[in-house]
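*Asks:* This is a predicted model, with the sequence first.
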Amino acid sequence: MFVTHLESALDGTRFEPGRPQTTHQGRPLWVRYDLDRVRRAVTPAELATRLPSLWRYRELLPLPADQEPVTLGEGLTPLLPCPRLGSALGMTRLLVKEEAQLPTASFKSRGMTVAVSMARSFGLRRLAVPTAGNAGGALAAYGARAGMEVYVFMPEDTPRINQLEAWLCGARVFLVNGLITDCGGLVRAGCEPLGWFDLSTLKEPYRLEGKKTMGLELAEQLGSPAGPWRLPDVILYPTGGGTGLIGMWKAFQELRELGWLASEKMPRLVACQSEGCAPIVHAFASGQRFAEPVANAFTIASGLRVPAAVGDFMILDAVRESGGWAVAGRESRIVEWM
């Protein structure tokens, strides 16, 4: 394992990586690696010979080398050219990362394979999560794979398919009259008396490391198999809790430090939200580092209905550092494109 320590994203406080950790002052932790050792241990050419799984990036993931991951065969989703749509939008080249081919039909598989693997390595047995979309089903599937108990809390208007996915995979599913923030409060309340470990977005450091593999794959797919790898000019990312956007930015920074990229130039990141729930858009426009919670949040894109993201400042930092921006789409346009 190449992990050196965990680090508060808020103030840089360090923590030991060898035991379960959640947050510091209610804010997320980074996983930090000895990238000099990683550089000496593996090359892009060697990675290209490994199995087509996100676990091919093992040196940049936190699970100890002597432990098997909890896996359903996730990773290396296709990067699809979309020439007609790109032309209609005035783009010379538009690519879509097709994450629906992952085992639980969304990018949530990435975070859960790593988070559940780490939870099992720490000897945890009961996992809980609030969700308004795909995270509950993903945790239920990986928890079942690991033989662990899973508790899922969803707003009662969460799409039926997401409710059924979690239930069919063996989770205990609770429907809540409220938003995902209310579900999160119930999870927090149950952790100490019921022995749950909270796997909420950015409430533990390892889901982010799984999401980071989107960025690693993207760079590998755009580059040469033997290196160097390449990055796109701009990334548009649907943003609720923001772990995917934050994770990719972390991946790009690590790749730059490793010297595996053809150029030092980073992509511009665009956080895309709905007009009915756009805390990041409002904070970006007003120059704030922390977003104000959205009252009466609504959007048909249920996974984006996150009125207060615990990693709001990490999203905004990444967007600003990249030279990107944040934008809100009209609900009518979202429905039109569904």
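*Replies:* Cool, the structure landed. Numbers count the residues shown, from 1 in each chain.
*Asks:* which residues of the stretch 151-300 of the chain fall in helices?
*Replies:* Secondary structure of the stretch 151-300 of the chain (DSSP state H, counting those that start in this stretch): helices at 160-168, 180-194, 206-222, 243-258, 279-286.
*Asks:* Tell me which of those helices lies nearest to Asp317.
*Replies:* Taking CB to CB, helix 243-258 is the member of the helices of the stretch 151-300 of the chain nearest to Asp317, at 8.4 Å. C-beta: built from backbone N, CA, C; applies to glycine.
*Asks:* Tell me what angle the closest one forms with helix 279-286.
*Replies:* 60 degrees (axes from the mean of the first three to the mean of the last three CA atoms, to 10 degrees).
*Asks:* burial of the closest residue to Trp55 other than its chain neighbours, as a residue count?
*Replies:* The shortest distance from Trp55 to any residue other than its chain neighbours is 5.5 Å, reached at Pro69 (CB to CB, 6 or more residues apart in numbering). Using other CB atoms under 10 Å, the number of residues around Pro69 comes to 22.
*Asks:* Of all the helices of the stretch 151-300 of the chain, which one is nearest Phe15?
*Replies:* Comparing the helices of the stretch 151-300 of the chain against Phe15 with CB to CB, the closest turns out to be helix 206-222 (13.1 Å).
*Asks:* Could you list every helix and strand that the closest one packs against?
*Replies:* Contacts defined by 3 or more CB pairs under 8 Å, 6 or more residues apart in numbering; DSSP states H and E place helix 206-222 against strand 29-33, strand 79-81, strand 95-97, helix 108-121, helix 243-258.
*Asks:* low-confidence ranges in the stretch 151-300 of the chain?
*Replies:* The model of the stretch 151-300 of the chain has no residue with pLDDT under 70.
*Asks:* related to what we said a few turns ago, let me know which of the helices of the stretch 151-300 of the chain is tucked in deepest.
*Replies:* Mean neighbours per residue, mean count of other CB atoms under 10 Å, is largest over those for helix 206-222, with a mean of 25.
*Asks:* CA atoms of that one as PDB?
*Replies:* C-alpha atoms of helix 206-222 as PDB (Å, rounded to 0.1, in the frame of the first residue of the first chain):
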ATOM      1  CA  TYR A 206     -12.700   6.000   0.300                       C
ATOM      2  CA  ARG A 207     -15.700   6.400  -2.000                       C
ATOM      3  CA  LEU A 208     -13.900   9.400  -3.400                       C
ATOM      4  CA  GLU A 209     -10.900   7.200  -4.300                       C
ATOM      5  CA  GLY A 210     -13.100   4.900  -6.300                       C
ATOM      6  CA  LYS A 211     -14.700   7.900  -8.100                       C
ATOM      7  CA  LYS A 212     -11.100   9.100  -8.900                       C
ATOM      8  CA  THR A 213     -10.700   6.200 -11.200                       C
ATOM      9  CA  MET A 214     -13.000   7.900 -13.800                       C
ATOM     10  CA  GLY A 215     -10.200  10.500 -14.200                       C
ATOM     11  CA  LEU A 216      -7.500   7.800 -14.400                       C
ATOM     12  CA  GLU A 217      -9.400   5.900 -17.100                       C
ATOM     13  CA  LEU A 218     -10.100   9.100 -19.000                       C
ATOM     14  CA  ALA A 219      -6.500  10.000 -19.200                       C
ATOM     15  CA  GLU A 220      -5.400   6.500 -20.100                       C
ATOM     16  CA  GLN A 221      -8.100   6.200 -22.800                       C
ATOM     17  CA  LEU A 222      -7.200   9.500 -24.400                       C
END
